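Participant: sequence? don't have it. structure:
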């Protein structure tokens, strides 16, 4: 009902609805019920529901037949069509019409007034016919839900509404950049609801990223999007506390950066998020501006099996192999017996392309654990500490380095402290809601001046107390107002995630 109540358009005497992944028809029935109880309601509804599973399709038909009878006393005539085929493949030609996918209006009088959907979420291989058709929409191995969003947007008429619940992964990252660029050219967000927990929205499913409900309206032309409008942003931990969701109005320009081709979707849920964005966006630097680069570890384990060993001699023909599990906040823990992963890699002419020289680096985990309290985990590693002229970095580890040179110790520690801070954790969560921390996002991450980064590193290295708090150090060196981070309660989203993590840990 929460999703159905987001639909506020009148739709006229006739309403055309689409549920592209209907299942048993829960969402469609919820919207029909909401419409029936309004003073101004349509006299007829044409519903097209897609469901490829034959068992669910039978259940769907029974539910919609009952809904048709239920609507009769409300003077609403329901005509429904159940299509038992693949929604994306049925409309593959729409995906192939890029870049006209979102801007070209659907011909004829069958344009859709409202889409309500909970599409399937899973990645499809590049060889999949749907992936081939969607090459202009997404990059790499696409997630099917984005294709549902793209096709649904094509079928909507101008001023039509889309209400859809999906993972949040499309909001940022390079894989969905093309999708965002075109989708948000004509789809204007009306409201966004964020589930703060990666599990609680769908606690029966193995979905380990934040989920979001997007209500967006299709605009006929890009110039029709009024950038000074407000978007409702709400937050809950999961489904059980939806009625207690906190709500706020946010300028559309704080949700989408229209000057950027990347068009990442930002979801600031409270004043702390606003202040965080203000501070971090004021920083002038980027990694590239300081002559730094971030790369992904070159060791892909299943391709490097002949070179991996559980035991080795660093003085001989082995080098340390660092996995994501070896990277802790401000610490590289090697060797470790974590999950029995090999901790050594052979050094040979054949394996040299997989190794990096022993220099000063900042290592970062490419993925965050399920409900861990910090999204970014970074560790400094200093040359000559592991006892080998070469290091193997597994593919789930990113590393910051200076091409053609080396990072100073103060730069390494300064960056590591900054990346482990609560300040950047909050900033990162505003636009990234999945488990992956991409190098592309980190390249675009604003940074304070290099002098300040070096000062943070020097202060950390000269500290006599190993218990010194990272956040207190960051606040002191960067000299920003403490109100958003240390003088007020934690933002609700972080409280929710921390609570869930502690409960599961206790269990």
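Facilitator: Received, thanks. No experiment lies behind these values; they were computed from the predicted model shown. Numbering: from 1, shown residues only.
Participant: what about the helices in the stretch 301-450 of the chain?
Facilitator: Along the stretch 301-450 of the chain, counting by DSSP state H, counting those that start in this stretch, helices occupy 409-419, 422-431, 439-443, 450-462.
Participant: Comparing these, which comes out most buried?
Facilitator: With neighbours taken as mean count of other CB atoms under 10 Å, those reach their highest mean count in helix 409-419, at a mean of 24. From N, CA and C alone the C-beta is placed, and that goes for glycine too.
Participant: Now mean pLDDT and distance to residue 5 too, for the helices of the stretch 301-450 of the chain, in JSON lines please.
Facilitator: Shown next, in JSON lines, are those (pLDDT from 0 to 100; distance: least, CB to CB, whole Å):
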{"stretch": "helix 409-419", "mean pLDDT": "97", "distance to residue 5": "40"}
{"stretch": "helix 422-431", "mean pLDDT": "92", "distance to residue 5": "26"}
{"stretch": "helix 439-443", "mean pLDDT": "90", "distance to residue 5": "34"}
{"stretch": "helix 450-462", "mean pLDDT": "96", "distance to residue 5": "47"}
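Participant: now those in a markdown table, with distance to residue 252?
Facilitator: Below are these laid out as a markdown table (distance: least, CB to CB, whole Å):
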| stretch | distance to residue 252 |
| --- | --- |
| helix 409-419 | 30 |
| helix 422-431 | 15 |
| helix 439-443 | 22 |
| helix 450-462 | 32 |
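Participant: Figure out which of these is closest to residue 354.
Facilitator: Proximity of those to residue 354 was assessed by CB to CB; the nearest stretch is helix 439-443, lying at 17.8 Å.
Participant: which secondary structure elements does the closest one contact?
Facilitator: Packing contacts for helix 439-443, counted by 3 or more CB pairs under 8 Å, 6 or more residues apart in numbering; DSSP states H and E, involve strand 293-296, strand 397-401.
Participant: Show me which helix runs longest in this structure.
Facilitator: Ranked by residue count under DSSP state H, the longest helix found in the chain is helix 54-71.
Participant: Identify all contacting residues around that helix.
Facilitator: 22-25, 28-29, 32, 36, 45, 47, 49, 51, 77-78, 80, 82, 84 (CB atoms under 8 Å, 6 or more residues apart in numbering).
Participant: try 6 Å this time
Facilitator: For helix 54-71, contacts defined as CB atoms under 6 Å, 6 or more residues apart in numbering pick out 22, 23, 24, 25, 29, 32, 36, 51, 78, 80, 82, 84.
Participant: And the residues you listed, which of them are buried?
Facilitator: Buried by 16 or more other CB atoms under 10 Å: 22, 23, 24, 25, 29, 32, 36, 51, 78, 80, 82, out of those.
Participant: if you look at the residues you listed, which of them are in helices?
Facilitator: Mapping these onto helices (DSSP H) picks out 29, 32, 36.
Participant: CSV for those residues, including pLDDT and distance to residue 353?
Facilitator: Shown next, in CSV, are these (pLDDT from 0 to 100; distance: CB to CB, whole Å):
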residue, pLDDT, distance to residue 353
29, 96, 57
32, 96, 59
36, 94, 65
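Participant: CSV please, covering these and showing distance to residue 384.
Facilitator: CSV is the format used below for those (distance: CB to CB, whole Å):
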residue, distance to residue 384
29, 66
32, 69
36, 73
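Participant: So which of these is the closest to residue 335?
Facilitator: The closest of those, once distances to residue 335 are taken by CB to CB, is residue 29, at 56.6 Å.
Participant: which ones are touching that closest one?
Facilitator: Counting by CB under 6 Å, 6+ apart, residue 29 makes contact with residue 67.
Participant: all numbers from here: first residue = 18
Facilitator: Yep, numbering from 18; the last one is residue 46 now.
Participant: Can you give me the distance of it to residue 297?
Facilitator: In this view, residue 46 and residue 297 are 44 Å apart by CB to CB, to the nearest Å.
Participant: follow-up on the earlier one: looking at the buried ones among the contacts of helix 71-88, point me to the pair that's furthest apart.
Facilitator: By the measure CB to CB, 53 and 68 form the most distant pair in the buried ones among the contacts of helix 71-88, at 22.6 Å.
Participant: What is the end-to-end distance of stretch 191-210?
Facilitator: Stretch 191-210 has an end-to-end distance of 23 Å (criterion: CA to CA, to the nearest Å).
Participant: any idea how far it is from the chain center?
Facilitator: Stretch 191-210 sits 13 Å away from the centroid of its parent chain (CA atoms, centre = their mean, to the nearest Å).
Participant: in that stretch, what's buried?
Facilitator: Neighbour-count burial for stretch 191-210 [16+ other CB under 10 Å]: 192-210.
Participant: Distance to residue 322 for the contacts of helix 71-88 - can I get that in TSV?
Facilitator: Below are those laid out as TSV (distance: CB to CB, whole Å):
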residue	distance to residue 322
39	45
40	42
41	45
42	48
46	52
49	55
53	61
68	43
95	58
97	54
99	49
101	44
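Participant: Closest to residue 359 out of the residues you listed?
Facilitator: Within the contacts of helix 71-88, proximity to residue 359 (CB to CB) peaks at residue 40, which comes in at 43.5 Å.
Participant: So for that closest one, what's the pLDDT?
Facilitator: Predicted confidence (pLDDT) at residue 40: the value is 93.
Participant: What is the burial count for the closest residue to it other than its chain neighbours?
Facilitator: Distances taken as CB to CB, 6 or more residues apart in numbering place residue 73 nearest to residue 40, at 5.5 Å, with adjacent residues excluded. Residue 73 has 16 neighbouring residues, counting by other CB atoms under 10 Å.
Participant: Could you measure from residue 73 over to residue 235?
Facilitator: With distances taken as CB to CB, residue 73 is found 28 Å from residue 235.
Participant: same deal with residue 84?
Facilitator: From residue 84 to residue 235 the distance is 26 Å (CB to CB).
Participant: out of those two, which sits in the busier spot?
Facilitator: Legend: neighbour count by other CB under 10 Å for residue 84 and residue 235, higher for residue 235 (24 against 20).
Participant: do you know how far the more buried one is from residue 307?
Facilitator: 42 Å.
Participant: just residue 295 next, same as before
Facilitator: From residue 295 over to residue 307 the distance is 22 Å, taken as CB to CB.
Participant: the more surrounded of the two?
Facilitator: The neighbour count for residue 295 versus residue 307, taken as other CB under 10 Å, is higher for residue 307 (17 against 12).
Participant: Now do the same contact list for that one.
Facilitator: Contact analysis of residue 307 by CB under 6 Å, 6+ apart lists residue 467.
Participant: And the residue nearest the centre of this structure?
Facilitator: Nearest to the mean C-alpha position of the chain, by CA atoms, centre = their mean, lies residue 186 at 2.9 Å.
Participant: if I look at that one, how far off is residue 196?
Facilitator: Residue 186 is 11 Å from residue 196, by CB to CB.
Participant: same question, residue 421
Facilitator: Taking CB to CB, one finds residue 421 at 36 Å from residue 196.
Participant: now swap in residue 109 and tell me
Facilitator: Distance, residue 109 to residue 196, by CB to CB: 16 Å.
Participant: which secondary structure elements does the strand ranked longest in the chain contact?
Facilitator: Longest strand in the chain, counting residues (DSSP state E): strand 173-184. Applying 3 or more CB pairs under 6 Å, 6 or more residues apart in numbering; DSSP states H and E, one finds that strand 173-184 contacts strand 129-134, strand 228-235.
Participant: For residue 111, pull up the helix or strand it's in.
Facilitator: Element membership for residue 111, per DSSP states H and E: helix 109-112.
Participant: mind listing what's buried in that helix?
Facilitator: 109, 111, 112.
Participant: ok, now stretch 258-278?
Facilitator: By 16+ other CB under 10 Å, the buried positions in stretch 258-278 come out as 259, 262, 265, 267, 269, 271, 272, 273, 274.
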